[in-house]
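Trainee: My questions concern the predicted model and sequence given below.
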Amino acid sequence: MTDLPRSQHIIASGLIAAVGLTVAAISFTQEPADAFVFPRLISSVFAVLAIWTFGKAVLGRSKVGNGLSAQAMRNLLPGLMVMGIYVYWAAKALGFYTSTTIAFFVLLSLYDPAPHGRLATWLKRAAITAGFMAVIYGLFALLLNVFTPKEILF
């Protein structure tokens, strides 16, 4: 396989940089300001890295390979579907913590190579999900005091 054309790197990284700048701009215009400290930090870092990547693509210094194969895209498709449902419906309809728990558990179940027919595997996945959510709750709710979408459960 040959490397992807340089123009493809420039276009893709330019679109990502535009998204990064848009998200950063939106986060800096929202009120109350204290509620958006974390999103402003993350979106600013994202925008800087995206602009840096775009600059490298324009200068021809991108170190990229051949892109994704059809098989790699098929492997990613279930995760992308879960992400789409999470972003466009579940986070608002079910609440951040409930939908994140479900999405993480589903993704872990989809991509974990451990057998699906054993109870021990499912208990391990449930424990990992609980640990992940404890960290997320501690980080967002307790440490950063970030406002999250709230609905059914919390």
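Mentor: Looks like it came in fine.

Trainee: Neighbours of Thr98, how many?
Mentor: The local packing of Thr98 (other C-beta atoms under 10 Å) involves 19 other residues. (Glycine included, C-beta is placed from N, CA and C.)

Trainee: Who are the packing partners of the helix or strand bottoming out on mean pLDDT in the chain?
Mentor: None of the helices or strands of the chain scores lower by mean pLDDT, DSSP states H and E than helix 91-94, at a mean of 84. Helices and strands touching helix 91-94, by 3 or more C-beta pairs under 8 Å, 6 or more residues apart in numbering; DSSP states H and E, are helix 96-111.

Trainee: In PDB, could you pull the C-alpha coordinates for the helix or strand following the helix it packs on?
Mentor: Going down the chain from helix 96-111, the next helix or strand is helix 119-137, by DSSP states H and E. Taking C-alpha atoms only, helix 119-137 is exported to PDB below (Å, rounded to 0.1, in the frame of the first residue of the first chain):
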ATOM      1  CA  LEU A 119     -19.700 -15.500  34.500                       C
ATOM      2  CA  ALA A 120     -16.300 -14.500  35.700                       C
ATOM      3  CA  THR A 121     -15.700 -12.500  32.600                       C
ATOM      4  CA  TRP A 122     -19.000 -10.600  33.100                       C
ATOM      5  CA  LEU A 123     -18.200  -9.900  36.700                       C
ATOM      6  CA  LYS A 124     -14.800  -8.600  35.800                       C
ATOM      7  CA  ARG A 125     -16.400  -6.300  33.200                       C
ATOM      8  CA  ALA A 126     -18.900  -5.100  35.800                       C
ATOM      9  CA  ALA A 127     -16.100  -4.400  38.300                       C
ATOM     10  CA  ILE A 128     -14.000  -2.500  35.700                       C
ATOM     11  CA  THR A 129     -17.000  -0.500  34.800                       C
ATOM     12  CA  ALA A 130     -17.800   0.300  38.400                       C
ATOM     13  CA  GLY A 131     -14.200   1.400  39.000                       C
ATOM     14  CA  PHE A 132     -14.100   3.500  35.900                       C
ATOM     15  CA  MET A 133     -17.300   5.300  36.900                       C
ATOM     16  CA  ALA A 134     -16.000   5.900  40.400                       C
ATOM     17  CA  VAL A 135     -13.000   7.700  38.900                       C
ATOM     18  CA  ILE A 136     -15.200   9.600  36.500                       C
ATOM     19  CA  TYR A 137     -17.600  10.700  39.300                       C
END
